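# next one to model:
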Amino acid sequence: MSEVLKQVHSSSLHDLRGVVAVITGGASGIGNMIATTLLSNGATVFIIDRNQSLLDSVTKTYNDAAQKTNLPGRLIGVTGDISKKSEAKRLAEEVGKHTPYVTVLFNNAGILDGCFSPPKAAKAADFVDAFFNNVSEEAFDNVLHVNAVGPYWLTFAFLPLLEKWKEHGYGEEGRRFPPQVIITSSMNGWTKDTDTAGRSYPYIFSKAAIGNATATLARELLPLGVRVNGIAPGLFVSGMSVPGSTDPTGQSHAKKDLSQFTCKVPVSQLPEELGGPSNVGGSRRDIASLVLFLLSNWFVNGETVLIDGGTLLVHASSY
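Coordinates of the predicted model:
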């Protein structure tokens with residue numbers, strides 16, 4: 001019976017020593033929350049971002065902290081633009097220079113652009129002005145390539161490294177953590193209310209696309225034994241949801257109550273020391289517990305987990 005208890009103890013389920021993760025957009029926002037979770041539990045984590053100075057600051061801050069507390073995990077920063085096919089190949093090659101395998105790829109990076117202001121009147125001309133004249137082609141191109149097309153290129157570029165984990169890791173670690181791709185979509189891939197998505201149709205379109213792709217990619221990769229799952233967040237304070245809120249450690253802080261953004265549903269009340277910030281959407285602990293669940297659970301594949309504090313319970317959606 002002691003062996004049974006040991007198998008389901010948190011230290012057995014979530015000991016990530018030997019695990020290698022790659023996270024796009026890993027320097028800040030939700031990517032930072034994922035990276036620090038994996039680091040804290042022993043993983044080696046490659047964080048990809050376009051901002052070299054932020055990468056340098058984040059990796060130094062958390063590696064120093066891990067070393068001081070004798071944690072085995074480490075962060076490694078890699079600069080790259082994940083919207084391009086050529087970059088996907090280069091990034092996989094760059095990561096492959098440092099590790100013989102990858103356990104999990106988090107396609108997490110995302111941007112928001114092309115927001116519209118509501119039409120001034122219920123007239124066709126006002127709708128054309130709001131939705132057509134004031135939304136650029138560049139906004140659609142950029143958002144779709146970063147949020148939806150880039151994850152497609154990266155998934156296949158990293159497949160050889162994920163396959164090598166399967167070959168290398170079918171010791172104890174491999175059996176506990178089968179290779180996986182985890183894609184960050186959004187509750188806004190299913191919303192019918194643009195107020196929950198910053199009034200950005202490029203963003204909504206991109207997140208709907210990648211949400212559907214999660215299931216289709218999972219089916220395609222069944223023969224390889226590589227799972228594909230997704231995370232669909234609601235409001236989490238980040239540089240995207242609250243511009244200018246990110247500090248040099250990659251954490252984002254909102255000083256005001258943003259509960260109205262989550263549409264009058266309960267939001268996390270955790271204080272800062274327990275993973276807050278409080279009353280401004282989801283917390284670091286919320287993301288951490290979900291990530292650890294997806295990593296350690298063999299029996300979930302092709303699913304996207306909604307983590308929105310109940311926002312889509314009160315706003316029209318197709319989730």
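
# pull the contacting residues for Thr36.
62, 284 (C-beta atoms under 8 Å, 6 or more residues apart in numbering). To be clear about C-beta, it is placed using only N, CA and C from the backbone, and glycine gets the same treatment.

# from Ala197, how far off is it?
Going from Thr36 to Ala197 by C-beta to C-beta, to the nearest Å gives 26 Å.

# again with Ser206
From Ser206 across to Ala197, the span is 10 Å (C-beta to C-beta).

# and Val242, what pLDDT?
pLDDT, the model's per-residue confidence, is 53 for Val242.

# same thing with the one 5 residues further on?
If you check Asp247, the pLDDT there is 54.

# Pro271 too?
For Pro271, pLDDT reads 50.

# and Ser206 and Ala197? which has more neighbours close in?
Higher neighbour count among Ser206 and Ala197: Ser206, with 31 against 19, using other C-beta atoms under 10 Å.

# what's the host helix or strand of Leu91 packed up against?
Using DSSP states H and E, Leu91 sits within helix 85-96. Judged by 3 or more C-beta pairs under 8 Å, 6 or more residues apart in numbering; DSSP states H and E, helix 85-96 is in contact with strand 74-79, helix 150-157, helix 159-168.

# which of the three states applies to the closest residue in space to Gly26 that isn't next to it in sequence?
Spatial nearest neighbour of Gly26, chain neighbours left out: Ile47 (2.9 Å); criterion: C-beta to C-beta, 6 or more residues apart in numbering. State at Ile47, reduced to three classes by DSSP: H, G, I helix; E, B strand; the rest coil: strand.

# from memory Thr79 sits against Leu55, does it?
Yes - counting by C-beta atoms under 8 Å, Thr79 does reach Leu55; the two are 6.4 Å apart.

# which neighbours do the two share?
Shared contacts of Thr79 and Leu55, defined by C-beta under 8 Å, 6+ apart, are found at Asp49.

# higher neighbour count, the two?
Leu55 (22 against 15).

# that one touches Ser28, doesn't it?
No - counting by C-beta under 8 Å, Ser28 is not a contact partner of Leu55; they are 9.8 Å apart.

# which residues do those two both contact?
Contacts common to Leu55 and Ser28, judged by C-beta under 8 Å, 6+ apart, are Asp49.

# can you check the pLDDT for Gly114?
Per-residue pLDDT puts Gly114 at 89.

# tell me the contacts of it?
135-136, 139-140, 143, 200-203.

# burial of the residue nearest to it when sequence neighbours are not counted, as a residue count?
If the residues on either side of it in the chain are set aside, Gly114 comes closest to Ala139, at 3.1 Å by C-beta to C-beta, 6+ apart. Using other C-beta under 10 Å, Ala139 has 19 other residues around it.

# residues touching Ala139, list them.
113-114, 200, 202.

# what's the closest of those residues to Val314?
Nearest to Val314 out of the contacts of Ala139 is Ser200 (C-beta to C-beta; 20.4 Å).

# that closest one is in contact with Leu112, isn't it?
Yes - applying C-beta under 8 Å, one finds Ser200 in contact with Leu112, separated by 5.4 Å.

# angle of the helix holding Leu91 against helix 159-168?
Angle of helix 85-96 versus helix 159-168, following axes from the mean of the first three to the mean of the last three C-alpha atoms, to 10 degrees, is 30 degrees.

# mind listing what's buried in helix 85-96?
In terms of neighbour count (16 or more other C-beta atoms under 10 Å), helix 85-96 has its buried residues at 87-88, 91-92, 94-95.

# where do the helices sit along the stretch 101-250 of the chain?
Per DSSP state H, counting those that start in this stretch, the stretch 101-250 of the chain carries helices over the ranges 124-128, 137-144, 150-157, 159-168, 172-176, 201-220.

# and the fifth one, average pLDDT?
Which is helix 172-176. Here helix 172-176 scores 57 as its mean pLDDT.

# the longest one now?
Per-region confidence: helix 201-220 scores 96 on mean pLDDT.

# next, give phi and psi for Ser283.
Phi and psi for Ser283, reported as degrees, to the nearest 10, are phi -110, psi 170.

# buried ones among the contacts of Gly114?
Neighbour-count burial (16+ other C-beta under 10 Å) is assigned, among the contacts of Gly114, to 135, 139-140, 143, 200-203.
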